[in-house]
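Asker: sharing a sequence plus its predicted fold:
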Amino acid sequence: MSTSASVGIRNQGAMKDFVNEFDVTSRLTDHAYHCQFSHLWNGVATRHSDSVDTKFLVDGKGTVVGLAHSGFTLFTEKTGRDLSDREASYIAAQYLREQLEQEDERALYDVSAANVMRIVEILGLL
């Protein structure tokens with residue numbers, strides 16, 4: 001494996017700047033959601049879940065996207081490296097985009113390991 005492939009996308013800058021603000025338009029209603037990434041943390045401590053939780057503001061309201069830790073394990077087994085926090089934030093942002101496009105607005109999303117790996121492939125992180 002090349003050095004650049006083993007590094008991935010590094011955690012540079014302030015965490016709140018990992019993902020740029022973005023807008024998502026619902027395919028059902030044409031409502032445009034404005035999304036802003038805030039931060040991420042280990043969900044074990046706060047919700048007693050086996051996840052990495054990411055927080056976004058969607059139209060100013062807090063939304064948590066929890067990424068299954070088992071997805072991180074699968075990624076490491078497949079690539080020989082860990083996902084960075086920045087990469088995790090990209091995965092969460094992509095999942096949130098997909099849900100909001102379907103007008104599936106919630107305060108909490110739990111993202112399965114299979115969905116983590118599906119999005120890893122979409123984003124080209126392998």
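Answerer: Alright, I've got the coordinates. Residues are numbered from 1 along each chain as shown.

Asker: mind listing what residue 93 touches?
Answerer: When contacts are counted by C-beta atoms under 8 Å, 6 or more residues apart in numbering, residue 93 touches 19, 22, 35, 37, 54, 56, 65. Placement of C-beta: from N, CA and C, glycine included.

Asker: could you redo the last one with a cut-off of 6 Å?
Answerer: Taking C-beta atoms under 6 Å, 6 or more residues apart in numbering, we find residue 93 in contact with residue 19.

Asker: with the one 10 residues further on instead?
Answerer: With contacts defined as C-beta under 6 Å, 6+ apart, the neighbours of residue 103 are 26, 28-29.

Asker: would a markdown table of those residues with distance to residue 85 be doable?
Answerer: Supplementary listing: these in a markdown table, determined by distance: C-beta to C-beta, whole Å:
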| residue | distance to residue 85 |
| --- | --- |
| 26 | 29 |
| 28 | 32 |
| 29 | 33 |
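
Asker: top helix in this structure by residue count?
Answerer: Longest helix in the chain by number of residues (criterion: DSSP state H): helix 85-101.

Asker: what residues of that one count as buried?
Answerer: Along helix 85-101, the positions that meet the burial threshold by neighbour count (16 or more other C-beta atoms under 10 Å) are 85-100.

Asker: and the next helix or strand past that helix?
Answerer: Note on helix 85-101: by DSSP states H and E, the next helix or strand toward the C-terminus is strand 108-111.

Asker: and that following strand, what's buried?
Answerer: For strand 108-111, a neighbour-count test (16+ other C-beta under 10 Å) marks 109-111 as buried.

Asker: that older thread, so which of the contacts of residue 103 sit within strands?
Answerer: With strands defined by DSSP state E, no entry of the contacts of residue 103 lies inside them.

Asker: among those residues, name the buried ones.
Answerer: Among the contacts of residue 103, none is classed as buried by neighbour count (16+ other C-beta under 10 Å).

Asker: any low-confidence regions in this protein?
Answerer: For the chain, applying pLDDT under 70 flags the ranges 1-7, 10, 14, 45-48.

Asker: for stretch 9-29, which positions count as buried?
Answerer: 9, 18-19, 24.
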